[in-house]
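Trainee: sequence unknown, structure follows:
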């Protein structure tokens with residue numbers, strides 16, 4: 001429906017409700033004569049008189065009453081929805097969907113999520129764990145999480161974590177059976193816990209950097225393979241072998257002595273996690289609040 005017809009219907013409904021061109025014109029911020037001209041245009045378009053006018057009163061005709069009864073509630077519903085959406089600017093509400101890896105959930109989102117949800121009780125957050133490079137637009141996610149070096153150039157990105165590194169770790173019980181490796185090349189003598197990367201067509205390769213600055217990757221062997229970092233961490237805690245996980249994921253267990261970090265001088269730093277999304281334009285108030293709450297402040 002053309003905008004001018006919508007404006008004519010809205011003007012008619014206000015006049016019919018107020019039973020006065022003067023009161024309706026004041027509400028709309030126009031002159032009574034301009035409002036009368038608008039309503040006459042609608043009547044001419046429909047070929048029906050919608051209002052009976054006298055020098056003292058204005059009242060809907062039978063056709064006008066029917067139009068008021070049928071479309072009045074629809075305009076009221078539209079107005080109510082617009083008011084509700086506008087109020088979201090002051091009180092963010094709605095659902096946010098994020099695709100990310102388990103390490104980001106554990107080290108970035110979990111520590112902050114409780115306070116965020118308490119502050120914004122009308123916001124719902126869904127964190128979907130996936131190691132694949134998900135098409136966030138096609139899969140209807142609001143954002144995804146990647147390390148800085150893997151970001152696409154056409155994406156807006158907000159940093160949500162400090163730089164981090166992987167670590168090779170094992171339990172004290174495991175190292176009672178086998179001596180810690182001094183170099184990554186000695187991992188061939190150890191029972192290593194693999195992580196299956198279905199998107200890469202195999203297991204995650206362990207990445208290292210030599211003291212001379214040479215980067216290289218190794219495929220390791222062991223009796224167990226899991227599908228995510230949390231399970232690898234649990235396997236290391238259980239003494240199943242050496243695990244390869246983000247350091248922050250295991251930091252508490254390392255501090256408590258339940259795990260031992262080895263080969264730390266061979267594990268390079270990576271640029272931190274970023275929350276990435278298509279555009280700064282038209283982001284919902286809820287999503288903008290989430291981004292601000294998760295932002296990493298150096």
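Mentor: Cool, got the structure. Since the model is a prediction, treat every value here as computed from it, not as a measurement. Numbering: from 1, shown residues only.
Trainee: list the buried residues for the helix or strand hosting residue 193?
Mentor: Element membership for residue 193 (DSSP states H and E) is strand 193-197. Neighbour counts over strand 193-197 (16 or more other Cβ atoms under 10 Å) mark 193, 194, 195 as buried. All C-beta spots, glycine's among them, are computed from the backbone N, C-alpha and C.
Trainee: where does the second one land on pLDDT?
Mentor: Looking at residue 194, its pLDDT stands at 96.
Trainee: the one 5 residues further on too?
Mentor: You'll see residue 199 listed with a pLDDT of 65.
Trainee: which residues sit against the strand or helix carrying residue 116?
Mentor: Secondary structure assigned from DSSP H and E places residue 116 in helix 110-119. Helix 110-119 is touched from outside by 123, 125, 289, 290, 293, 294, with contacts defined as Cβ atoms under 8 Å, 6 or more residues apart in numbering.
Trainee: hang on, the earlier thing: among the buried residues of strand 193-197, which one lies nearest to residue 146?
Mentor: Among these, residue 195 lies closest to residue 146 (Cβ to Cβ), at 17.5 Å.
Trainee: excluding chain neighbours, what is closest to the closest one?
Mentor: In this structure, residue 195 finds its nearest non-sequential neighbour in residue 204, 4.5 Å apart by Cβ to Cβ, 6 or more residues apart in numbering.
Trainee: relative to residue 153, how far out is that neighbour?
Mentor: Relative to residue 153, residue 204 is positioned 26 Å away (Cβ to Cβ, to the nearest Å).
Trainee: if you rank every helix and strand of the protein by mean pLDDT, what lands last?
Mentor: helix 62-87 (a mean of 76; mean pLDDT, DSSP states H and E).
Trainee: mind listing what's buried in it?
Mentor: 64, 67, 68.
Trainee: would you turn the residues you listed into JSON lines with distance to residue 242?
Mentor: Shown next, in JSON lines, are these (distance: Cβ to Cβ, whole Å):
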{"residue": "64", "distance to residue 242": "82"}
{"residue": "67", "distance to residue 242": "77"}
{"residue": "68", "distance to residue 242": "77"}
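Trainee: many thanks, have a good one.
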